[in-house]
Structures are given as structure tokens and as C-alpha cells.
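1. My questions are about this predicted structure, shown below with the sequence.
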Amino acid sequence: MRKEKNALAVMFKAPEPGKVKTRLVPPLTYEQAAKLYGCFIKDVLNTAKGLEGVDIYGAFAGNIKDGEVYGVSLFEQEGTGLGERIYNVFRALFLKGHERAVVIGSDSPDLPAENIKDAFGLLDGTELVLGPALDGGYYLVAMKRLMDEPFMDIPWSTGDVLEATVKRAKGAAIPFKLLKPWHDIDTVHDLTRLNGKAAPLTANFLLKSGLPLNP
């Protein structure tokens, strides 16, 4: 039973060695990369749990062995491609009775809470909100009704994801707005953009690993 009209789902993979953050290997080992990604997840969820008037969920893929450590309601992602999985996360949130839904990934452990708040606020005047990522994708998508058009025929895992999504929205006459851009953390170079104060678990792990960190 839903408690709030606003819902936020964080999509993440099980932090298994060799399956997450492999572009950080080397300098990290696969085991270290998986532990670092586990810090990403917890930092994002801790930020999310600080939001008022929002029910928080974790939408996971893979084998979660210790789900209770995340401290939120979990449900498994469904679908074959990324677009289908995102759509099904929204579907699950709306089926729970929420009226406005935001979905974010787990690659931006320092994502400001203000960006998420802004997404909910913008839904008062539009139907779709996208948070542009610096790599050409998006770090956030928000909707107040279930739609599949934004996730159809998108070249996932390319630098054209946001452009293609905007084109799909325009073609379907879906009103949309964009948030300010933010970064994903995928490579060692990306780590230099990280705001360590906003992602303390990630920052602490990086300091112990001797990797670059923006203070």
C-alpha cells in the first residue's frame, strides 16, 4: 500500500565482481570495483532517504544476497532491454498507487537531492522530465502517467540516448522539461568530477584505494 503520492526508484545491479564498473579495472581489481559500486548504491539511497514526502524503492537486477542492508523496499527489474526494464519500473510504481514517479540509476553517487526535488516539482507543469547526463544519456527520468514512447527505439549505451528520447517525446507530442546536467561515474577520469562530500561512502573507499578524488 503506497503512503505518498511521490515515489522514487533507484535502479541498480547486484554488486558482483566482474559484472559492475569493469571500466575501472585496472587500476581497481574486479573485487574492488564491485565494492566501490556497492558504495555508489548506498550513497544514492542515503540521499534518496533524506527526501520528504517520497516513498523510496530499490529496483535491482542480479542476485541480491543481503537485500536488507539497503533499508528500502526492493523489487526485481523485469524485461530484456534497458528501455523495457525502465518502463516496467514505472509500471510497478504506478500500480502501487503513486501519482508521480522518478527513476534514477546508481552511477551518480553524488547526485544532489535538489535535482530529484526539482524533477518532482517540474511534473506539476509537464508530463516527462529528463536529467541529461554529460555522456549523452540521462541520469533521471520522471513521469506522472505511464508511457512507453520515451523508451521505444532508443540506441541504449550510446551517446545519443537523450537526443533520441527527446525526439521520441516530441514525435508523440509529450510535454517534457530538462533538468540541469550531471555526471555518471564510469571511468577513472570521471572520478575527478565526484563531489566526495555528497557521496561519503564512495569517497572513503576511494581514499583508501588511492584513486583520484575531487575534494
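-> Cool, got the structure.
2. For this structure, just list every one of the helices.
-> Using DSSP state H, the helices assigned to the chain run over residues 30-49, 82-95, 113-122, 161-171, 188-191, 200-209.
3. residue ranges with poor pLDDT in the protein?
-> When the per-residue scores of the chain are filtered using pLDDT under 70, the ranges that remain are 1-2, 67-68, 212-215.
4. quick one: the residue sitting nearest the centre point of the chain from Pro175, how far?
-> Among the residues of the chain, the one closest to the centroid is Gly105, at 1.4 Å (C-alpha atoms, centre = their mean). Here the distance between Gly105 and Pro175 works out to 24 Å (C-beta to C-beta, to the nearest Å). The way it works is simple: take the backbone N, C-alpha and C, and place the C-beta from them, glycine included.
5. Then Ala199?
-> In this view, Ala199 and Pro175 are 33 Å apart by C-beta to C-beta.
6. Also Asn88?
-> Taking C-beta to C-beta as the measure, Asn88 and Pro175 are separated by 23 Å.
7. Please say which of the two ends up with more neighbours.
-> Set side by side, Asn88 and Pro175 give different neighbour counts by other C-beta atoms under 10 Å, the larger being at Asn88 (18 against 11).
8. Could you double-check that the more buried one sits in contact with Gly79?
-> Yes - taking C-beta atoms under 8 Å as the definition, Asn88 is a contact partner of Gly79 at 5.0 Å.
9. measure stretch 132-141 end to end?
-> By C-alpha to C-alpha, to the nearest Å, the extent of stretch 132-141 from end to end equals 9 Å.
10. what does that stretch contact?
-> Under the contact criterion C-beta atoms under 8 Å, 6 or more residues apart in numbering, stretch 132-141 has outside partners 86, 102-105, 107-108, 111, 115-116, 119, 128-131, 150, 158-163, 165, 178-184, 186.
11. Now list the buried members of the residues you listed.
-> Neighbour counting with 16 or more other C-beta atoms under 10 Å marks 86, 102-105, 107-108, 111, 115-116, 119, 128-131, 150, 161-162, 165, 179, 182-184 as buried within these.
12. re the thing from before, as CSV, the helices of the chain with distance to Pro17 would be great.
-> Conversion of the helices of the chain to CSV gives the following (distance: least, C-beta to C-beta, whole Å):
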stretch, distance to Pro17
helix 30-49, 4
helix 82-95, 22
helix 113-122, 30
helix 161-171, 27
helix 188-191, 18
helix 200-209, 15
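13. which one of the ones you listed lies closest to Glu16?
-> Distance to Glu16, taken as C-beta to C-beta, is lowest for helix 30-49 among these, at 5.9 Å.
14. that older thread, tell me which of the helices of the chain lies nearest to Gly62.
-> Among these, helix 30-49 comes nearest to Gly62, with 10.9 Å by C-beta to C-beta.
15. residue contacts, Tyr87?
-> Applying C-beta under 8 Å, 6+ apart, we find Tyr87 in contact with 79, 146, 148, 151.
16. residues near Leu211, how many?
-> The tally of other residues near Leu211 (other C-beta under 10 Å) stands at 17.
17. my bad, Met11
-> The number of residues packed near Met11 is 20, by other C-beta under 10 Å.
18. how near is Ile190 to Asn6?
-> Not quite, residue 190 is Asp, not Ile. As judged by C-beta to C-beta, Asp190 and Asn6 stand 29 Å apart.
19. scratch that, Pro132
-> The spacing between Pro132 and Asn6, counted by C-beta to C-beta, is 22 Å.
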